[in-house]
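> Could you work out the structure for the sequence below:
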Amino acid sequence: MGPQNLPERVHEVRSRVARAAAAAGRSAQSVTVLAVGKGQPPELLAAAAACGLDNFGESYLQEAVQKMAALPAPNITWHFIGRVQTNKTRAIAAAFSWVHAVDRLKIAQRLAEQRRAHAPPLNVCLQVNLAAETSKGGVTPPELPALAAAVAALPRLKLRGLMCIPPEEADPARQRAWFDRLRALQQQLQSGGLALDTLSMGMSGDFEQAIAAGATIVRLGTVLFGPRAS
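Sure, this is the predicted structure:
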């Protein structure tokens, strides 16, 4: 897909987000569309920014840094959504405003230590592996409360909420069930005193069910940009 097709894609996605939010008794403004640019050329992201998208998610550090240099717009917020490797924490802490896939205290400690003192706190979501899938990262639900408490206490980080990548499901009810579980975990942590306001959940194939369950950030790539470039 070329940049010329993007405005209608963005309009369609925003309309779907608004309908899903309205059906859940929410405002469209309560849901942030995070445009996932992984594998897409910088010019397509520039076109997305021209359409009003201002939150971009990247999974590969080197690719992300190149895009940041090509799109130096101050209104763009960059989110790191891939699995965080220990040797990449310094660069991630310096370049991004959000990190969505923290699942180990060691990673959070390194991000906190390496975030520049003059920078705003780094917004962090904890990734939860809801289905215990060995192919995916994430803390298990029983381990979540201890990790959340430890991360919330770290300086220069702001624990915002939870993130998940649930199993692919064709049935909307099964999609919704996974997202409801993450919402329940968030509510448990809130009841324990943590001020969490973010649920990063839902991708191109299931974001409407995620919104129904309370998603505040939906991570959308294919539905906006089409298949990734090879």
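> the helices in this structure, which residues?
6-23, 42-50, 61-70, 89-95, 105-114, 144-152, 172-191, 207-213, 222-225 (DSSP state H).
> residues of the last one that come out buried?
Of the residues in helix 222-225, those buried under the neighbour-count criterion (16 or more other Cβ atoms under 10 Å) are 223-225. For the C-beta atoms, the positions are set from N, CA and C on the backbone; glycine is no exception.
> Is it possible to get CSV of those that adds pLDDT and distance to residue 95?
Below are these laid out as CSV (pLDDT from 0 to 100; distance: Cβ to Cβ, whole Å):
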residue, pLDDT, distance to residue 95
223, 96, 26
224, 96, 22
225, 94, 22
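> May I see those residues arranged in CSV, with distance to residue 35 as well?
Shown next, in CSV, are these (distance: Cβ to Cβ, whole Å):
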residue, distance to residue 35
223, 10
224, 6
225, 8
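> and which of those is nearest to residue 41?
For the buried residues of helix 222-225, the closest approach to residue 41 (Cβ to Cβ) belongs to residue 225, at 9.6 Å.
> quick one: residue 42 from residue 20, how far?
Distance of residue 42 to residue 20, given as Cβ to Cβ, to the nearest Å: 30 Å.
> Those two - which one has more neighbours?
A side-by-side neighbour count of residue 42 and residue 20, using other Cβ atoms under 10 Å, places residue 20 first with 21 against 15.
> coming back round to it: could you take the helices of the chain and lay them out as TSV, with extra columns for distance to residue 79?
Compiled in TSV, the helices of the chain are given as follows (distance: least, Cβ to Cβ, whole Å):
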stretch	distance to residue 79
helix 6-23	17
helix 42-50	13
helix 61-70	10
helix 89-95	11
helix 105-114	14
helix 144-152	17
helix 172-191	17
helix 207-213	15
helix 222-225	15
